[in-house]
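>>> Let me see the structure of the following:
(chains A and B)
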Amino acid sequence: MLKNRIIPCLDVKNGRVVKGINFVDLKDAGDPVEQAKIYSDGGADEICFLDITASNENRNIIYDVVRKTSKKCFVPLTVGGGIRSVEDINRLLNCGADKVSINTAAVENSKVVIDSSKKFGSQCIVVAIDAKRNGDKWEVFTHGGRNNSSIDALEYAKQMEENGAGELLVTSMDRDGTQVGYDIDLMSNISSKVNIPVIASGGVGNLDHLVDGIQLGKASAVLAASIFHFGKYSLKEAKEYLDSKGIPVRI
Amino acid sequence: MNVTIVDYNSGNISSVINSFREVAKDKVNLAVTSDLNKIKSSDKLVLPGQGSFKSCIDALTKIDGLTDALNEFVMINKKTLLGICVGLQMFADMGYEETETKGLGWISGKVSKIDNQNGKYKLPHIGWNQINIVKDSKIFRNIENNSHMYFVHSYEFIPEDKNMILATTDYSSNIVCSVEKENIFGTQFHPEKSDKAGLKIIDNFINL
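This is a model prediction of the structure:
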């Protein structure tokens, strides 16, 4: 039976982890390679790096981070943030990323998803959708949530599946950082609309939220950042909890 | 011993390279190449494969003499080869992804789309699934039955001779996820991304 995945996400800026694990005795708490290794040893089903580096001159650092991480972690590694072109994707994959997550570029230029999924296969193309509720629908935002594209998120999700996305990483902007739980309506609506796996993101504050994301939101995988970083829960605790609720997980 | 990962532009093989380097350390000489002489003189080959069946076959045939070299290696010299993901699928006679495409024909059978039962099962089959080992093999030495492996695929290999099947995984139906025919081994899952159990399979292959 296919297991639901738990994916810890690390925000990386200028090659350093921004909100890092601060509960273990690390030599260098800001080192993404070391933190990824802790997650992978702890049972992470996948590791996600979100590069939030703003300045262009430091954009190259992430490649080095990915290169080093992929030599130490033997679970899938997804890298997102600032990907603009097929060439960016090619470079990340060559450095050892298994998947890339594309956000703004997928909205602005549909060819990026179409061309890259043809070139590298759908299995490595994740489209990240940042969605915000507006009345009875959700709209897609770009540029780290700053710009409203006014595109309907459900229609967009379907379009991205047709364009060749292998998975959708859906983040509720209303919930992100609030720790009150995923936007279950958003997740279940998108998941019912498409036949590709949906990764739920944004809003996790406790382990019941992970359960809800899968059972109610119909997500195939759940992504979380702060509940793991700050040592509130370990991956092992999270998996055991999901298991106790009848959700298939890899233990 | 020389182990060669066949680099034929089949997509992203850096994870395969990293995992083999991790396991091989100084025990074996590991090469990554499309050079025909190096491939022929190698003791073992790894045939990775990402993307579609057609794109992988196209990429193989684009390199002059590669398909012949592989055939000679496997069918005449009977040397050991491991196919991973589409690398395994290409063992088949025929694949049906994008369009009907002839495979390498090493293990009779076809590659067709997983039956998603009218949308009940999402495709691709992405994530960790357990393998049911149906036949003893050196490649699964010290691998517990029902171990978790990482999968990413929408198509499945259906061999004609069920005796070729080493393991299956349950997704919509019992999908063939590992095969063995004499010197030819294959995994539909990605040992390079399957944590410790996956690295153990790579180690087993190197030690065959």
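>>> Report how many residues lie close to residue A:249.
22 (other CB atoms under 10 Å in any protein chain shown). No exception for glycine: its C-beta is placed from N, CA and C like everyone else's.
>>> That should have said residue A:178, apologies.
Other residues within reach of residue A:178, judged by other CB under 10 Å, total 12.
>>> what does residue A:55 give?
8.
>>> Likewise for residue B:124?
By other CB under 10 Å, 19 other residues sit near residue B:124.
>>> same deal with residue B:7?
With other CB under 10 Å as criterion, residue B:7 counts 18.
>>> helices and strands around the helix or strand hosting residue B:61, which ones?
Element membership for residue B:61, per DSSP states H and E: helix B:53-62. Helices and strands touching helix B:53-62, by 3 or more CB pairs under 8 Å, 6 or more residues apart in numbering or on different chains; DSSP states H and E, are helix B:66-71, helix B:86-89, strand B:94-95, strand B:101-102.
>>> Tell me which of these lies nearest to chain A.
helix B:86-89 (8.5 Å; CB to the nearest CB).
>>> Tell me the secondary structure at the residue lying farthest from the centre of chain B.
The C-alpha centroid of chain B is most remote from residue B:118, which lies 27.9 Å away (CA atoms, centre = their mean). Under DSSP: H, G, I helix; E, B strand; the rest coil, residue B:118 falls in the coil class.
>>> quick revisit: can you lay out the helices and strands packed on helix B:53-62 as TSV showing distance to chain A and mean pLDDT?
TSV is the format used below for the helices and strands packed on helix B:53-62 (distance: least, CB to the nearest CB, whole Å; pLDDT from 0 to 100):
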stretch	distance to chain A	mean pLDDT
helix B:66-71	20	98
helix B:86-89	9	97
strand B:94-95	14	96
strand B:101-102	15	97
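>>> Of all the ones you listed, which one comes closest to residue B:174?
With CB to CB as the criterion, residue B:174 lies closest to helix B:86-89 of the helices and strands packed on helix B:53-62, at 16.0 Å.
>>> List the buried residues in the helix holding residue B:61.
Of all the residues in helix B:53-62, those buried under the rule 16 or more other CB atoms under 10 Å in any protein chain shown are B:53, B:54, B:55, B:56, B:57, B:58, B:59, B:60.
>>> Just want the phi and psi numbers for residue 206.
Since you didn't name a chain, this refers to chain A. phi -150, psi 180 (degrees, to the nearest 10).
>>> Go ahead and confirm it touches residue A:237.
No. Residue A:206 is beyond contact range of residue A:237, at 10.9 Å (criterion: CB atoms under 8 Å).
>>> Between the two, which has more neighbouring residues?
For residue A:206 versus residue A:237, the count of surrounding residues by other CB under 10 Å is larger for residue A:206: 16 against 13.
>>> Tell me the spacing between the nearest residue to that one once chain neighbours are set aside and chain B.
Sequence neighbours aside, residue A:227 is the residue nearest to residue A:206 in space, at 7.1 Å (criterion: CB to CB, 6 or more residues apart in numbering or on different chains). Separation of residue A:227 from chain B (CB to the nearest CB, to the nearest Å): 21 Å.
>>> what's the neighbour count on residue A:227?
Counted with other CB under 10 Å, residues neighbouring residue A:227 total 20.
>>> what's the nearest residue to residue A:83 if we skip its chain neighbours?
Closest residue to residue A:83 apart from its sequence neighbours, by CB to CB, 6+ apart: residue A:102 at 5.2 Å.
>>> near chain A, which residues of chain B?
B:11-12, B:14-15, B:18-19, B:21-22, B:50-52, B:55, B:116, B:119, B:122-130, B:148, B:150-154, B:170-171, B:192-196, B:198-199 (CB under 8 Å from any CB of the partner chain).
>>> let's see it at 7 Å
Residues of chain B that fall close to chain A, judged by CB under 7 Å from any CB of the partner chain: B:11-12, B:14-15, B:18-19, B:50-52, B:116, B:119, B:122-130, B:148, B:150, B:152, B:170-171, B:192-193, B:195, B:198-199.
>>> So what's the predicted local confidence for the closest residue to chain B within the stretch 101-250 of chain A?
Relative to chain B, the nearest point of the stretch 101-250 of chain A is residue A:121 (3.7 Å; CB to the nearest CB). If you check residue A:121, the pLDDT there is 88.
>>> Helices along chain B, start to end?
Along chain B, counting by DSSP state H, helices occupy B:14-24, B:36-41, B:53-62, B:66-71, B:86-89, B:195-206.
>>> Distance from the chain centre to the fifth one, please.
Taking CA atoms, centre = their mean, to the nearest Å, one finds the center of helix B:86-89 at 5 Å from the center of the full chain.
>>> Then stretch A:136-152?
Worked out by CA atoms, centre = their mean, stretch A:136-152 lies 17 Å from the chain centre.
>>> Going by neighbour count, list what's buried in it.
For stretch A:136-152, a neighbour-count test (16+ other CB under 10 Å) marks A:138, A:139, A:140, A:141, A:142, A:149, A:151, A:152 as buried.
>>> Same question for stretch B:27-34.
For stretch B:27-34, the neighbour count (16+ other CB under 10 Å) marks B:28, B:30, B:31, B:32, B:34 as buried.
>>> For stretch A:234-245, which residues meet the burial criterion?
Neighbour-count burial for stretch A:234-245 [16+ other CB under 10 Å]: A:235, A:238, A:239, A:241, A:242.
>>> dump the residue contacts of the first one.
The contact partners of residue A:235, by CB atoms under 7 Å, 6 or more residues apart in numbering or on different chains, come to A:6, A:8, A:39, A:42, A:43, A:44, A:228.
>>> Doesn't the second one lie inside a strand?
Yes. Counting by three-state DSSP, residue A:8 is part of a strand.
>>> Run a quick neighbour tally on it.
Considering only other CB under 10 Å, residue A:8 is surrounded by 25 other residues.
>>> residues contacting it?
Neighbour list for residue A:8: A:39, A:44, A:47, A:224, A:228, A:235 [criterion: CB under 7 Å, 6+ apart].
>>> Sitting in helices, which of those do you find?
Among the contacts of residue A:8, the ones falling in helices (DSSP H) are A:39, A:228, A:235.
>>> can you put these in a markdown table and add pLDDT?
Formatted as a markdown table, the ones in helices among the contacts of residue A:8 follow (pLDDT from 0 to 100):
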| residue | pLDDT |
| --- | --- |
| A:39 | 94 |
| A:228 | 89 |
| A:235 | 96 |
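>>> any idea which of the helices and strands packed on helix B:53-62 is most buried?
Mean neighbours per residue, mean count of other CB atoms under 10 Å in any protein chain shown, is largest over those for helix B:86-89, with a mean of 28.
>>> Give me the residues contacting that helix.
Residues from elsewhere that reach helix B:86-89, judged by CB under 7 Å, 6+ apart: B:47-51, B:53, B:56, B:95, B:111, B:155, B:157, B:179, B:186-188.
>>> for stretch A:102-118, same thing?
Residues contacting stretch A:102-118 (CB under 7 Å, 6+ apart): A:80, A:83-86, A:89, A:125, A:127-128, A:130, A:140, A:142-143, A:149, A:151, A:160, A:163-165.
>>> And that stretch, what's buried?
Neighbour-count burial for stretch A:102-118 flags A:102-107, A:112-118 (criterion: 16+ other CB under 10 Å).
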